[in-house]
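> compute the structure for the input listed below.
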Amino acid sequence: MKTNKKELTVFAVCAYAVPFLMMPLLYICLQNGQDTSIFANAQMFYPAAGVMLAFLLARRPDTPKRFYILHLLVTAIMLIMSVLSAAAPQGEWLYIANLVIVIASVLGWILLLTEKKTKREACGLRLHGKLLTALGICVYFLVVNDIGDANQRDFAKNYYVNNGLGSGEGKSGILFLLAVGSRKYVTITYGGGVTAFTDYRIEQMEDDIVPKLSDGDWAGAARTYIEMADYTLDYYAEHGEPIDVDNDLGAEGLLFVIGIPAAIAAGVCLVFYHQMKTAKEKTEADDYMPGLKLRVKRDVYTHTTQTRVYDPPKEEKSSGGGSSTDSDGFGGSSGGSF
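Next up is the predicted model:
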């Protein structure tokens, strides 16, 4: 079904207008030195709420109405608690918000699992055999100006924890940190994000993202990150396993699949090449233009062309694949500079 202007307007109001209207309250809290984590938690609900509200108003078929209404209700509660946190900062609003999210997550699963198959599949949930594969992993692209001499991985982990990022009880997610002024980057994962994004896959993602950072193409880097993360999660949901060294075709697989046929084709072409006895190389311009006689031959230097190619540093990785983690449970990369 094609999205109409009314649905787009509803989505834009929820996803963009509401966060914009909350900015004055957020500014007041920051000025007063208050914890603003509840604003970040609430803002994660707005885009999805915009889509669900638009679908409900359009009366789209095969929509899980009970689940949508639950999400809209939780979004409204998070919005109200964000306002109350600014008006009454002494309250335990962040604790209450986290409790609401946990309870709503359990109720959401119950509502989805008791829906009809067509409605579940409309939400992107599919049954693989007897297993229901579903993902609740948040994807973040964090841009800051400068982190000074701080280690980018420690900075990213502290930001993730202090702002209560991640989905569900396991706080599952992946975050890419871009420190523009410090020219540093890093990828961290937590909870279910550690399983879905292996060390091998994160290295692939950074190999595609970092060259764009070196060129100052921040938007292109963010777009590449989101697209690759989306594909990774889709693959994980579809196959029940993450992209890793043992199931990704990669360069070696391409060499085996393409290299052997290419070698055979090259051999055939070589045979035909040696059968071409009529073609002879010409070294003078007048050989191609009869009657043309060059009297003066002179070499003139014009310019030098220099091309720089980004060659990312390669780290030795174990052949076993999987994801490595720190003692605090965070996975990801060690990061670098660009």
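> just the helices in this protein please.
Counting by DSSP state H, one finds helices in the chain at the ranges 5-12, 18-31, 37-43, 46-57, 65-87, 93-113, 117-122, 152-162, 192-196, 199-214, 218-239, 250-254, 260-274.
> other SSEs contacting the first one?
When you say that, I think you mean helix 5-12. Here helix 5-12 touches helix 46-57, going by 3 or more CB pairs under 8 Å, 6 or more residues apart in numbering; DSSP states H and E. Just so you know, the C-beta spots here come from the backbone N, C-alpha and C atoms, and that holds for glycine as well.
> can you pull the buried residues of the helix it packs on?
Using 16 or more other CB atoms under 10 Å as the test for burial, helix 46-57 gives 46, 48-55.
> where does the stretch 151-300 of the chain dip in pLDDT?
248-300 (pLDDT under 70).
> that older thread, nearest to Val144, of the helices of the chain?
Smallest distance to Val144 across the helices of the chain (CB to CB): 8.0 Å, for helix 152-162.
> tell me the contacts of the residue lying closest to Leu26 once chain neighbours are set aside?
Distance criterion CB to CB, 6 or more residues apart in numbering; nearest residue to Leu26, sequence neighbours excluded, is Phe39 at 5.2 Å. By CB atoms under 8 Å, 6 or more residues apart in numbering, Phe39 lies in contact with 22, 25-26, 29, 82, 85.
> for these, which entry has the maximal number of neighbours?
Within the contacts of Phe39, most neighbours by other CB atoms under 10 Å means Ser85, with 26 neighbours.
> coming back round to it: can you put the helices of the chain in TSV and add distance to Ser323?
Formatted as TSV, the helices of the chain follow (distance: least, CB to CB, whole Å):
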stretch	distance to Ser323
helix 5-12	34
helix 18-31	32
helix 37-43	25
helix 46-57	27
helix 65-87	30
helix 93-113	23
helix 117-122	29
helix 152-162	15
helix 192-196	5
helix 199-214	6
helix 218-239	12
helix 250-254	17
helix 260-274	33
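> sorry, back to before: state the distance from the residue nearest to Leu26 to Gly332.
From Phe39 across to Gly332, the span is 25 Å (CB to CB, to the nearest Å).
> so who does the spatially most central residue of the chain touch?
Nearest to the geometric centre of the chain sits Ile226, at 2.9 Å (CA atoms, centre = their mean). Residues near Ile226 by CB under 8 Å, 6+ apart: 139, 141.
> one more time with 10 Å
Ile226 makes contact with 139, 141, 176 under the criterion CB atoms under 10 Å, 6 or more residues apart in numbering.
> poorly predicted segments of the stretch 1-150 of the chain, please.
Applying pLDDT under 70 to the stretch 1-150 of the chain flags the ranges 1-3, 120-135.
> tell me how many other residues surround the residue nearest to Leu142 when sequence neighbours are not counted.
Distances taken as CB to CB, 6+ apart put Leu177 closest to Leu142, at 5.0 Å, once the chain neighbours are dropped. Look at Leu177: counted by other CB under 10 Å, it has 24 neighbours.
> please apply the same query to Ser214.
Ser214: 15 surrounding residues under other CB under 10 Å.
> same thing with Glu169?
If we define neighbours as other CB under 10 Å, then Glu169 has 13 of them.
> buried set for stretch 182-196?
Here stretch 182-196 shows 182, 184-196 as buried, counting by 16+ other CB under 10 Å.
> what do you get for stretch 194-208?
Under 16+ other CB under 10 Å, the buried positions of stretch 194-208 are 194-202, 204-206.
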